[in-house]
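>>> My questions are about this predicted structure, shown below with the sequence.
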Amino acid sequence: MQDEPTPTELIKAVADFLRSEIAPAIKGHNGFKLRVGINALDLVTRQLALAEAGDATEAARLRQLLGTDGTLMELNRVLSEKIAGGEVDLKTPGLSEHLWQTTLDKLAVDQPNYASYKRELATK
Amino acid sequence: MIETELTRCVASFHPGATGVTGAAKLSGGASQETWTFDIVHPNGTIGAILRRAPPGYGAAPGRAAGLDAEATLMQLAHDAGLPSPKVMHVLRPEDGLGRGFIMARVEGETIARKILRDEEFAGARPILARQLGRVIAGIHGLPQAKLPKLRSLTATREIEDLAREYHSFNWPRPVFELALRWLRDHDPGPSSETTLVHGDFRHGNLIIGPDGVRAVLDWELAHTGDPMEDLGWVCVNSWRFGEIDKPVGGFGTREDLFAGYEEAGRKADPERVMFWEVMGTLRWGVMCCGMMQRFRSGPDHSMERAMIGRRASETEIDLLRLLAPRGR
């Protein structure tokens, strides 16, 4: 068992330091790069918090939709092939809901400030 | 120092020029660079831009039109009275600067967030969509006989190019598959008219001033094909920078864009434009995935590239909003 603090706590502490102490002092292109770096750390924190539950429910939906089992990667490959072949489409019960939920869960990690995502959350 | 070569080169096409100052690299990957500099002349300094592939780099790869074609297109647009920088000089081997060209520098802004939010552009925003419609129509009307050699593309060809690139990543994305399937099912076939297509008409490639559009840049992806492609690409949500209810670049409506296009004597086909908007959304998503590949395989192992890879999901939600809107 690894000791505390957790990866999330460590990354948050580093990101907060960079954000409040370093970013205000750095201008120009390096300032831009620093903001990108801080965004990356924030993304990792969100992924550590959200990905496990999201992946589990995604896999459950895929098993239901496809009637087969496998890793998340394998299940997504099967679904992709079925969509490409026209075997599964938006008329298939559950497909639209599955794609929407999976995509919303990705955005919650990748870009929670993306305007389309915020709009969809507000109108859910 | 690049200023030494530039000084020699500038003297050859601009009599009386005594040198250059302030040369600075604006952007550049390994094979293509953009430099800004000032030409010193007794009558006053002139702002200039060098766009080049440095010595040792050959023809442009893949989809790119090539720098010689870019120079020709930019000059054609300028001659037709479109907002386009004047091409001052096409590089020759004896210039020792590689391949490319030197153009007049146009002052203004290319950064979308400033154009969409700064007070300075408040007067430009309401008129831009219609203006851009007229400019795009002008591009599509450039004389075919004078065009350089360009790739010819159809919707069918572009769908297959995108599918091949996406499959090369070997990473399953059901939403991209849904979009590819939709595109194949809705392929409108060859357009009734084939014209020059700019290919990358969007924020970043447009210099905007308080008075509106001042220059169209970056003809790297120019080709011949369906003119509706340019109208669809400029409406892709990725170029709205948060202003998602204003489809044209986050500042205007499709109606204004089409009205400008039609004022210039051409006809917009909203259904084909929507097809190209879906294609464009998927294209940007595939490009984001490509950035991630280039990050992983090097040589550009940068954070920015890595993080653009994580923006592919933005195009997935936009594709779902287009193809499977909720609550309808």
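On my side now, so go ahead. Numbering: from 1, shown residues only, chains lettered A, B, ... in the order given.
>>> Give me every residue in chain A lying close to chain B.
Within chain A, the positions near chain B by Cβ under 8 Å from any Cβ of the partner chain are A:33, A:36-37, A:39-40, A:43, A:73, A:76-77, A:79-80, A:83-84, A:86, A:89-90, A:96, A:99-100, A:102-104, A:106-107, A:110-111, A:114-117, A:119-120, A:123-124. Any C-beta I mention is one placed from the backbone N, CA and C, and that applies to glycine too.
>>> Mark which of those residues are buried, thanks.
For these, a burial check counting by 16 or more other Cβ atoms under 10 Å in any protein chain shown picks out A:36-37, A:39-40, A:43, A:76-77, A:79-80, A:83-84, A:96, A:99-100, A:102-104, A:106-107, A:110-111, A:114-117, A:120.
>>> which ones are touching the residue of the stretch 1-150 of chain B found nearest chain A?
The stretch 1-150 of chain B approaches chain A most closely through B:Ser27 (10.5 Å), counting by Cβ to the nearest Cβ. By Cβ atoms under 8 Å, 6 or more residues apart in numbering or on different chains, the contact set of B:Ser27 is B:Glu33, B:Thr34.
>>> Could you report the distance from it to B:Arg99?
Counting by Cβ to Cβ, to the nearest Å, the separation of B:Ser27 from B:Arg99 is 17 Å.
>>> what does A:Pro7 give?
If you measure A:Pro7 against B:Arg99 using Cβ to Cβ, the figure is 48 Å.
>>> More neighbours: which of the two?
Using other Cβ atoms under 10 Å in any protein chain shown as the criterion, A:Pro7 and B:Arg99 rank with B:Arg99 on top: 23 against 11.
>>> Now the phi/psi pair for the closest residue to the more buried one other than its chain neighbours, please.
Excluding the flanking residues, the one nearest B:Arg99 by Cβ to Cβ, 6 or more residues apart in numbering or on different chains is B:Ala53, at 4.8 Å. Main-chain dihedrals, B:Ala53, degrees, to the nearest 10: phi -100, psi 120.
>>> pLDDT wise, what is B:Ala53 at?
On pLDDT, B:Ala53 comes in at 86.
>>> same check, this time on B:Ala59
Per-residue pLDDT puts B:Ala59 at 53.
>>> Please apply the same query to B:Phe295.
Here the pLDDT value assigned to B:Phe295 is 89.
>>> So it: helix, strand or coil?
helix (DSSP: H, G, I helix; E, B strand; the rest coil).
>>> Get me the contact residues on the stretch 151-300 of chain B for chain A.
With Cβ under 8 Å from any Cβ as the criterion, the stretch 151-300 of chain B meets chain A at residues B:172-175, B:177-178, B:180-181, B:237, B:240, B:242-244.
>>> Mind giving me the PyMOL command for buried ones among those?
Selection command for PyMOL covering only the buried members of those, criterion 16+ other Cβ under 10 Å:
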select buried, chain B and resi 172+173+174+175+177+178+180+181+237+240+242+243+244
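>>> Let's have the residues of the stretch 151-300 of chain B next to chain A in CSV, adding secondary structure.
Formatted as CSV, those follow (three-state DSSP):
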residue, secondary structure
B:Pro172, coil
B:Arg173, coil
B:Pro174, helix
B:Val175, helix
B:Glu177, helix
B:Leu178, helix
B:Leu180, helix
B:Arg181, helix
B:Asn237, helix
B:Arg240, coil
B:Gly242, coil
B:Glu243, coil
B:Ile244, coil
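>>> wait, which of the residues of the stretch 151-300 of chain B next to chain A is closest to B:Leu322?
Proximity of these to B:Leu322 (Cβ to Cβ) peaks at B:Asn237, which lies at 8.5 Å.
>>> now the closest one, nearest residue through space, not along the chain?
If the residues on either side of it in the chain are set aside, B:Asn237 comes closest to B:Asp318, at 4.4 Å by Cβ to Cβ, 6+ apart.
>>> so where's chain A uncertain?
A:124 (pLDDT under 70).
>>> hey, where'd the helices end up in the stretch 101-250 of chain B?
Counting by DSSP state H, counting those that start in this stretch, the stretch 101-250 of chain B has helices at residues B:112-117, B:125-140, B:155-168, B:174-186, B:228-233.
>>> May I see those helices organised as a markdown table, with mean pLDDT added?
As requested, the helices of the stretch 101-250 of chain B are exported to a markdown table (pLDDT from 0 to 100):
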| stretch | mean pLDDT |
| --- | --- |
| helix B:112-117 | 96 |
| helix B:125-140 | 98 |
| helix B:155-168 | 96 |
| helix B:174-186 | 98 |
| helix B:228-233 | 98 |
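>>> After whichever strand or helix holds A:Ala40, which helix or strand is next?
Using DSSP states H and E, A:Ala40 sits in helix A:28-66. Sequence-wise, the next helix or strand downstream of helix A:28-66 (DSSP H and E) is helix A:72-84.
>>> Residues contacting the following helix or strand past that next one, please?
Remark: after helix A:72-84, the chain's next helix or strand is helix A:95-110, criterion DSSP H and E. Applying Cβ under 8 Å, 6+ apart, the external contacts of helix A:95-110 come out as A:43, A:46-47, A:50-51, A:54, A:57-58, A:61-62, A:65, A:88-90, A:114, A:117, A:120-121, B:174-175, B:178, B:310-311, B:313-314, B:316-317, B:320, B:324, B:326.
>>> Next: stretch B:6-20.
For stretch B:6-20, contacts defined as Cβ under 8 Å, 6+ apart pick out B:3, B:23, B:37-43, B:46, B:48, B:50, B:88-89, B:91, B:95-97, B:102.
>>> Could you check it and say which residues are buried?
Buried residues in stretch B:6-20 (16+ other Cβ under 10 Å): B:Leu6, B:Thr7, B:Cys9, B:Val10, B:Ala17, B:Gly19, B:Val20.
>>> and the fourth one, helix, strand or coil?
Okay, so that is B:Val10. Per three-state DSSP, B:Val10 ends up helix.
>>> pLDDT at it, what is it?
In this model, B:Val10 carries a pLDDT of 94.
>>> Excluding chain neighbours, what is closest to it?
Among residues not flanking B:Val10 along the chain, B:Ala17 sits closest, at 4.7 Å (Cβ to Cβ, 6+ apart).
>>> Send me stretch A:15-25 as PDB with only the CA atoms.
The C-alpha coordinates for stretch A:15-25 follow below in PDB (Å, rounded to 0.1, in the frame of the first residue of the first chain):
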ATOM      1  CA  ALA A  15      -1.200  23.000  -9.800                       C
ATOM      2  CA  ASP A  16      -2.400  25.500  -7.200                       C
ATOM      3  CA  PHE A  17       1.200  26.600  -6.600                       C
ATOM      4  CA  LEU A  18       1.800  27.200 -10.300                       C
ATOM      5  CA  ARG A  19      -1.500  29.000 -10.700                       C
ATOM      6  CA  SER A  20      -1.200  31.400  -7.800                       C
ATOM      7  CA  GLU A  21       2.500  31.900  -7.400                       C
ATOM      8  CA  ILE A  22       4.200  31.400 -10.700                       C
ATOM      9  CA  ALA A  23       1.700  32.200 -13.500                       C
ATOM     10  CA  PRO A  24       1.300  35.900 -12.500                       C
ATOM     11  CA  ALA A  25       5.000  36.300 -12.900                       C
END
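>>> Before I go, just wanted to say thanks for your time.
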